[in-house]
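Student: structure, please.
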Amino acid sequence: MPCSYEDLERAKLIVITGSNLAWCHPVLYQRIARAKQDNPDLMVVVIDPRRTATCDISDMHLAIQPGSDTALFNGLLVYLDEQDEHNTPFVNSHTGGVEAALHAARTDMPDIKSVAQACSIEADKIEAFFRLFARTERVITLFSQGVNQWSFGTDKVNAIINCHLLTGRIGRLGAGPFSITGQPNAMGGREVGGLANQLAAHLEINNAAHRQLVQKFWESPVIAGKEGLKAVDLFKAVEQGKVKALWIMATNPAVSMPDADRVRAALARCDFVVVSDCMRDTDTTAYANVLLPAQTWGEKDGTVTNSERRISRQRAFLPAPGETQPDWWILSQVAQRMGFRKYFDYSHPSCIFREHAALSGYENDGNRDFDISALAGITREEYQSLRPIQWPVTYANLDGTTRMFEDGRFFTEDRKARFIPVEHRLPATAPTVKFPLTLNTGRIRDQWHTMTRTGKSPRLSGHIFEPSVDLHTDDARTAGIEHGALARVTSRWGCLLYT
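Tutor: Have a look, this model is predicted:
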């Protein structure tokens, strides 16, 4: 992301969308709350269908219809254009595709009335937000899982970025779109190719030149020619018998995946399931043919990367119990037994980091954003004492990069940012007569994901101690549900019992 955390203190307006920041990113939330105390001019807008704890520091709360973010930001783009709030020199010199994006937005959301109708919110509130965004020079838009993880999540993100590009509020002090990841090392996972459509070092598996580059660097006789199956499609393939072996590491898909009943049925029929986890008993380990004891974060050594691109050393502070091993060691041992000893002879995390850094700079020449090639020659001792640093880290910039795109150059062929035309689309699954309500998920304050570890702490259950569902009082009255009563929530995919 182009921004850094220090930009939060420099901003004049922070727009938070798709995140209950107070519960899901409490450190960032407290930082913004402190910045607001120190700077009474700082305004905070929260965009969320629910009124959450994050609204405690907000000056404006837009309770939009779930899934209508694209409509809101398309409408904002049109408003900015009509109010002549575009940064013409920046747009002309550093971007491309503005007219196509504006045409799509005008066709989609031509006026504030259209936005209000799509978002199910009063027009005067929409206009007040648009006016505030337009008249504030230093704006940061923080977005997270509530924006990203939708059937058309990329459209929502592109709609946000379009508004920042039109106003030139990117790569500047206290301004920019800022994705705050849903997990502590989500950025690090992407850097090493942790998605089915990625290669390591932000290289694309569908790009033939990128595949050739990685194959050449790794001296690999073959390389996959197309992207793999993403999580939902993967379990569909398991269910259909097309995938017969799974290795699941550090996750609990039997609970965390959408349509979990179907996922559990797929796991039950899979021929061979390996699970690496730091916990012996989880919903997923119950389906394992082989269990591999992995170390947890306090027991292993390596690096993590946070939302502002800052690479930090993670040092073990607990002894490794029993036969537990770090994931890199387990993977290397399996690879060696498969005959690839030459390429998996790592003796320490620093060996892997050096290779990772070298690949990031291989035939790069400034063409790719992720580049930490200046760290490719790091010694084991230097790795041990590595201080937090933001990538890119190149020989031309040994101290790292606090803010990206300050020079108006982007990582495209012509070095110009791209406006992306988008249109508001309803969620892939919309309410019907049989299922008239929308169920929104959300994390709770003191637990982590599926609670395989945090659920063992009585103290962490002191805030919310049982599963619950929140309904509008009118909906609860219609369904005959009283506060504290049991409620069976039924959808197309299954049912759950809540209080």
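Student: can you give me the strands for the stretch 351-499 of the chain?
Tutor: Taking DSSP state E, counting those that start in this stretch, the strands of the stretch 351-499 of the chain run over residues 389-390, 417-418, 487-490, 495-498.
Student: try the stretch 201-350 of the chain
Tutor: Residue ranges of the strands in the stretch 201-350 of the chain, as given by DSSP E, counting those that start in this stretch, are 245-249, 272-277, 290-293, 302-305, 310-314.
Student: need those strands in CSV (columns: mean neighbour count, distance to Ile444 and mean pLDDT).
Tutor: Placement of C-beta: from N, CA and C, glycine included. Below are those laid out as CSV (neighbours: other C-beta atoms under 10 Å; distance: least, C-beta to C-beta, whole Å; pLDDT from 0 to 100):
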stretch, mean neighbour count, distance to Ile444, mean pLDDT
strand 245-249, 16, 24, 96
strand 272-277, 19, 22, 97
strand 290-293, 15, 28, 96
strand 302-305, 20, 24, 94
strand 310-314, 17, 26, 95
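Student: picking up where we left off before, among the strands of the stretch 351-499 of the chain, which is nearest Glu137?
Tutor: strand 417-418 (18.7 Å; C-beta to C-beta).
Student: list the contacts of the closest one.
Tutor: Residues outside strand 417-418 that contact it (C-beta atoms under 8 Å, 6 or more residues apart in numbering): His94, Thr95, Gly96, Gly97, Leu165, Ile170, Phe405, Phe410, Thr412.
Student: how much space separates the last one from Arg418?
Tutor: So that's Thr412. Relative to Arg418, Thr412 is positioned 6 Å away (C-beta to C-beta, to the nearest Å).
Student: the more surrounded of those two?
Tutor: Neighbours were counted for Thr412 and for Arg418 using other C-beta atoms under 10 Å; Arg418 has more, 17 against 12.
Student: about what we covered before: among the contacts of strand 417-418, the buried ones, what's the ChimeraX command?
Tutor: The ChimeraX selection below is limited to those of the contacts of strand 417-418 classed as buried (16 or more other C-beta atoms under 10 Å):
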select :94,95,96,165,170,405,410
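Student: so which of the contacts of strand 417-418 comes closest to Ser144?
Tutor: Looking across the contacts of strand 417-418 and measuring by C-beta to C-beta, the closest to Ser144 is Ile170, at 18.3 Å.
Student: quick revisit: which one of the contacts of strand 417-418 sits closest to Asn185?
Tutor: Nearest member of the contacts of strand 417-418 to Asn185, counting by C-beta to C-beta, is Phe405, at 23.7 Å.
Student: buried sites along stretch 382-390?
Tutor: Buried residues in stretch 382-390, counted by 16+ other C-beta under 10 Å: Tyr383, Ile389, Gln390.
Student: tell me the bridge partners for the second one.
Tutor: Ile389 has the following beta-bridge partners by DSSP bridges: Ile311.
Student: list the contacts for the residue nearest to the spatial centre of the chain?
Tutor: With distances taken as C-alpha atoms, centre = their mean, Thr181 lies nearest the centre of the chain, 3.8 Å away. Counting by C-beta under 8 Å, 6+ apart, Thr181 makes contact with Ser144, Met187, Asn306, Ser307.
Student: so of the residues you listed, which ones are in helices?
Tutor: Met187 (DSSP state H).
Student: which among the contacts of Thr181 gets closest to Ala266?
Tutor: Nearest to Ala266, judged by C-beta to C-beta, of the contacts of Thr181 is Ser144 at 28.4 Å.
Student: which two in the contacts of strand 417-418 are spaced the farthest apart?
Tutor: The widest separation within the contacts of strand 417-418 (C-beta to C-beta) is 16.7 Å, between Gly97 and Phe405.
Student: just checking, Phe344 touches Trp329?
Tutor: No: with contact defined as C-beta atoms under 8 Å, Phe344 does not reach Trp329; the gap is 10.0 Å.
Student: residues near Leu439, how many?
Tutor: 11.
Student: over to Ala260?
Tutor: With other C-beta under 10 Å as criterion, Ala260 counts 17.
Student: now do the helices in the stretch 301-450 of the chain.
Tutor: Ranges of helices in the stretch 301-450 of the chain, per DSSP state H, counting those that start in this stretch, are 327-337, 349-361, 380-384.
Student: JSON lines for these, including distance to Arg264 and mean pLDDT?
Tutor: As requested, the helices of the stretch 301-450 of the chain are exported to JSON lines (distance: least, C-beta to C-beta, whole Å; pLDDT from 0 to 100):
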{"stretch": "helix 327-337", "distance to Arg264": "24", "mean pLDDT": "96"}
{"stretch": "helix 349-361", "distance to Arg264": "34", "mean pLDDT": "96"}
{"stretch": "helix 380-384", "distance to Arg264": "41", "mean pLDDT": "95"}
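Student: which among the ones you listed is found nearest to Trp297?
Tutor: Of all the helices of the stretch 301-450 of the chain, helix 327-337 sits nearest to Trp297, with 11.0 Å by C-beta to C-beta.
Student: looking at strand pairing, list the partners for Phe178.
Tutor: Leu142.
Student: can you give me the distance of Gly188 to Phe235?
Tutor: 25 Å.
Student: poorly predicted segments of the chain, please.
Tutor: Residues of the chain that meet the criterion pLDDT under 70 lie in 1, 446, 499.
Student: quick revisit: winner for burial among the strands of the stretch 351-499 of the chain?
Tutor: Across the strands of the stretch 351-499 of the chain, averaging neighbours per residue (mean count of other C-beta atoms under 10 Å) puts strand 417-418 on top, at a mean of 20.
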